[in-house]
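Q: Sequence and predicted structure below; questions after.
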Amino acid sequence: MADIFDFIIVGGGTAGCLLAKRLASTKQKPSVLLVEAGGDGADIIHRSPYMRCLNAVTKPDFDHGYILTPNPNLDGLISPYIRGKVLGGTSMTNYMMYTRGPAADYDRWAEIVGSKDWAWQKTEERFKRYADVEPGSLGTDGPVGISLPSSIDPGMKLCLEGAIELGIKLNPNLNSGDPIGVGVDFLTVKNGLRTTSASANLQSTPDNLTIWTNSPVAKVVLDGKKAVGIETLSGRKVSSTVEVIVCAGAIDSPKILLLSGIGPATDLTAVNIEVKHELPGVGKNLQDHCVAGTTHLLGHGVSERLSFMHSPEKVKAAEEQWQRDHTGPIATRTHETAVAFVKDPSFTNSDEFKSLDSEIQNFFNLSDVPHYEFIMNLAIPPQGYTFEDLEDSFVNLHVCIMNPQSRGSVKLKSANPADSPLIDMALMQHPYDRFTLINGVRKSMELIKTKTYAKVWKSQISGPKSLSDEDIWDFIKVNLLPIMHANGSIKMGKREEDELACVDSELRVYGLEGLRVADLSVCPFTLKHNTSCDYSDQEVSGLADDLRNLQRWLRKVETSLLNAPDGTCSPDILSNMDYSSALSKFTPSIPRPTTAIWWSQNERLNLSNINESLCDQVYQIVEIGGHDLSEVCTMYFENIHKWWPVVSKGLFYNTLSNLRAHPKADFSLLLLTIYLLLRSPSEDDGVQEMQDSFYMTAKYICTCVQMFLPPSTHLVQAMLLLATFEHASGKCEAAYLTIGECARNAHLMGLHMPRHTNAPKGSDEWYILLEEQIRGRPPATKVPTYEFTLPVEIEDLDMMDVEVGDRFPPYSGPGGESGDNIGTFGREAQGCRILDAVIQFSEDTEPHQQEWLTELMDMDMRIRGFLGYLMDEYKGAWGKYCGATTMVLASFFTLHQSRIAFEKATIQHTDSLTYEISKCALQSAIRIVTTVSEHFNTNISRFNMMAIPPAYTCIIFRAAMAFIMFADEVGSQQWETDFQNLRRTCWYMSHRWKIAENYLNTIDQAAESNSKALRAKEDFGTFVRPNGCYSGLC
């Protein structure tokens, strides 16, 4: 069977590793596949900061081996372009420099893409959460180890003092958001080990995260305009049920999209690739910092950093020390580095600066935006020198432009995924870039002439012949290097303003579903610092911590699975949630049931094979539905179990763990009904047909279990859930039959006996009654006496050693039900007793007027008293007593609607005291429901639809019907607003429960019988879809 995962992350680099770990570690535990083209890089020696720098820049097997196309701006210069091909990506091969850049960069990014979530204020918060810095002012709780050098080398002091003498101010914190000045760079090193994205995030991985190494991805698989999986270079295909996220970097991400038929039509047709989705910006807007550096020979003793390298004995001892405890001379880089971010006021007078767009000029003039960067380090011996020359020291003075205006591209060489792409970085194409670098190199030559350096400077090893523009440019053309900060090739932006924009502010590829890009390729422009922290912190950390940048990105899972303890979800996590697409997780595109394999097997069921056969069939059904059984169980306990806890979690998992070895037909049926209840209605005919076949299978298995096996707790629990599903699906008559059969089996087991010694069984009897009562039909069961125990609360029920519930407390008067410390379901049981009393009272159709009125008032006070008691206990906690409140409101409607109907039918007038009492009571109940509906609609992002039982739609329905029939202000503005809120709430719920759609149709029909109501309904017409709330049915 094909591999299927919820999320597929393409690229195990700096962004991909973090994203995979954080996504897999979220509460809902989606299945995540991380696919990396390179190996795992697991050998500890690869994390030695010193050895990685000493061995040139990288190892061949850690690099893709890309070469830039010849650069006509640099007389055909050809440069290698290092891209990490290993788990951890380029964080495994870079120079471990950690800087964050100016605040203005992020504020500009936020403005360009139209989202404040990319602004500096929120970005800095994420930086701090992700970092573990020594010292700790920049954050200490994150996974990425960052540190300053343990000591300042004398050569480092030289670099700092020289820059200050040149007029560059000392900046003690280059990561504050204002980087202007000179300081010491932080390293992505901690405790003597290089910190990579893999080491920070994948040292221990959750079971739901799968990692494939040595698996280059050939393309993203599209089904129309939706990404549905990937195909690897070896031909292996993998499906995703939610999304594919491309994190392969600014070179390989556009390569993969182009190979998938996503990109500029001309570029695709040029290599004979079918255009599946034209997106002009893919592969365009490629940018990078670039650097040119001079090298100088300094006198003896300037740096002590490499003094041991001339001695093989000292080198061996240092290596042994590091292998032992990660300390010693090779526990940091080969060289220390001072960094200066320089702003040159004279730039504004240049013709090159004045030729820029005014918006860019204004941005460059901001006080915290540097023009270029000095990178000053005491170097290992340059070419032509050996370690025997280390009695002297060397210094590199690199100049890196911060605001490149040149724009390159990534294109395909051919349609063969194994071919390297054509990478045209177009360095120095723009006059402003040439102007900046020439002036920066000139400034670095002034630095070496300061008094600080004059004392130790001996000679220039590499540099321009003179300080003229021509000589400096000649030097640059030979020595220029890209700095490996590729970005911008799948640009983020507003599509209506920028034709090259490929992704929106939430990283979604324009025009496609289920596809995002989450790496530096989305940068609108080059950020002014070493960009490794942007891969990890800015683009991905937001997803893990508060999902602010990618908050809608996880809606598909969060809406279905995440459930806070009080039955609601944090608005920060679930704002603008997309129910229909989220719940589509349970309605994947799967084969039509005509090819399903379980039907023929059902015909052969008998007493000897029923347990094993049904167990196998349920596993197959869940698999055909595209899910894993452990995932299904987790979803159930995270969501539905919290409002309908008919099983003990501890006992359930104990049985599940032994199910394969000891299969049980009744427990298998329970698993299938759980799976049914998790699924949602679908507009796809094929998917809905599969849903219906699953339901018919459950009914058939239920019949078989009752036929061959004696009643059991699991059978009762399964039938309870089946009846809930049937009613929620609009199969009301079937639900009444199922709950009746469920009650019969429970009676045969003796669950109706008071104080049952088995707490789960005693609770199940209550849930049968609760299921019956809320449906408004005469119950098959009898309401328990006061000798009966309360249902066990969920926290106790889920334990293995379950105790029986407390004795049911009697009613103590209109102030409310007695009993302290009664939990959520205990209160619901008390509400059920009140509802039963109301039903019994309402069935008396020939009351004596005075006695009846007195009892009516007493019953009304009892309901109001209990409702007030519940509200007092709420203390603003949404979701705490939803079930109990539902029972109380059902009591209100049952009592007073039946009384009004009786008055109309027998007395033939509507001006009696009884009528007015009931009408006022109904208006009070309606007001409660309309207020809740208004809150629900206004704060829709707070609610998890999986946490709202279908029974609640009954209350909304009854309120709406009463509102249509009995409200005095029908047709008024307030009536229209309230009615719209009630109807809209039903509409929202119809996306999860089919019964709500039926109620909605009934409400519309009732409104059409009332001319005023009909006019009001026509006035507000079709609901306006809330932003981001639904992508489907409207």
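A: The structure has been received and is ready for your questions.

Q: Looks to me like Lys458 is in a strand.
A: Yes - Lys458: assigned to a strand according to DSSP: H, G, I helix; E, B strand; the rest coil.

Q: which residues does it contact?
A: His296, Leu297, Leu298, Gly299, Asp392 (CB atoms under 8 Å, 6 or more residues apart in numbering). Yep, even glycine has a C-beta here, placed from its N, CA and C like the rest.

Q: any idea how far Leu378 is from it?
A: The gap separating Lys458 from Leu378 is 14 Å, by CB to CB, to the nearest Å.

Q: want to throw the contacts of Lys458 into TSV with neighbour count, secondary structure and pLDDT?
A: Output for those, formatted as TSV (neighbours: other CB atoms under 10 Å; DSSP: H, G, I helix; E, B strand; the rest coil; pLDDT from 0 to 100):
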residue	neighbour count	secondary structure	pLDDT
His296	24	strand	89
Leu297	18	strand	86
Leu298	21	strand	85
Gly299	12	coil	79
Asp392	17	coil	68
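
Q: Looking at those residues, spot the one nearest Lys354.
A: For the contacts of Lys458, the closest approach to Lys354 (CB to CB) belongs to His296, at 34.4 Å.

Q: so the closest one makes contact with Val395?
A: Yes - counting by CB atoms under 8 Å, His296 does reach Val395; the two are 5.2 Å apart.

Q: Please, which helix or strand holds Val242?
A: Under the criterion of DSSP states H and E, Val242 resides in strand 237-246.

Q: That strand: what's the following helix or strand?
A: Using DSSP H and E, the next helix or strand after strand 237-246 towards the C-terminus is helix 249-259.

Q: For that next one, name the packing helices and strands.
A: Packing partners of helix 249-259 (3 or more CB pairs under 8 Å, 6 or more residues apart in numbering; DSSP states H and E): strand 217-223, strand 237-246, strand 409-411.

Q: could you give the mean pLDDT of the longest one?
A: This points to strand 237-246. Throughout strand 237-246, pLDDT has a mean value of 94.

Q: tell me the angle of it relative to strand 217-223?
A: 100 degrees (axes from the mean of the first three to the mean of the last three CA atoms, to 10 degrees).

Q: Begin at 347, not 1, for the rest of this chat.
A: Right, with 347 as the first residue, what we last looked at is strand 583-592.

Q: who does strand 583-592 touch, helix- and strand-wise?
A: Using 3+ CB pairs under 8 Å, 6+ apart: strand 583-592 touches strand 349-356, strand 563-569, strand 572-578, helix 595-605, strand 861-863, helix 901-907.

Q: Of all those, which one comes closest to Arg429?
A: Arg429 sits nearest to helix 595-605 of all the helices and strands packed on strand 583-592, at 5.6 Å, using CB to CB.

Q: quick revisit: closest to Ile510 out of the helices and strands packed on strand 583-592?
A: It's helix 595-605; of these, that one is closest to Ile510 (CB to CB) at 35.5 Å.

Q: can you list the helices and strands packed on strand 583-592 in JSON lines and add mean neighbour count?
A: Output for the helices and strands packed on strand 583-592, formatted as JSON lines (neighbours: other CB atoms under 10 Å):
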{"stretch": "strand 349-356", "mean neighbour count": "25"}
{"stretch": "strand 563-569", "mean neighbour count": "21"}
{"stretch": "strand 572-578", "mean neighbour count": "21"}
{"stretch": "helix 595-605", "mean neighbour count": "27"}
{"stretch": "strand 861-863", "mean neighbour count": "27"}
{"stretch": "helix 901-907", "mean neighbour count": "25"}
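
Q: and His1242, what does it touch?
A: With CB under 8 Å, 6+ apart, His1242 has these contacts: Asp1206, Ile1263, Ser1264, Lys1265, Ala1267, Leu1268, Ala1271.
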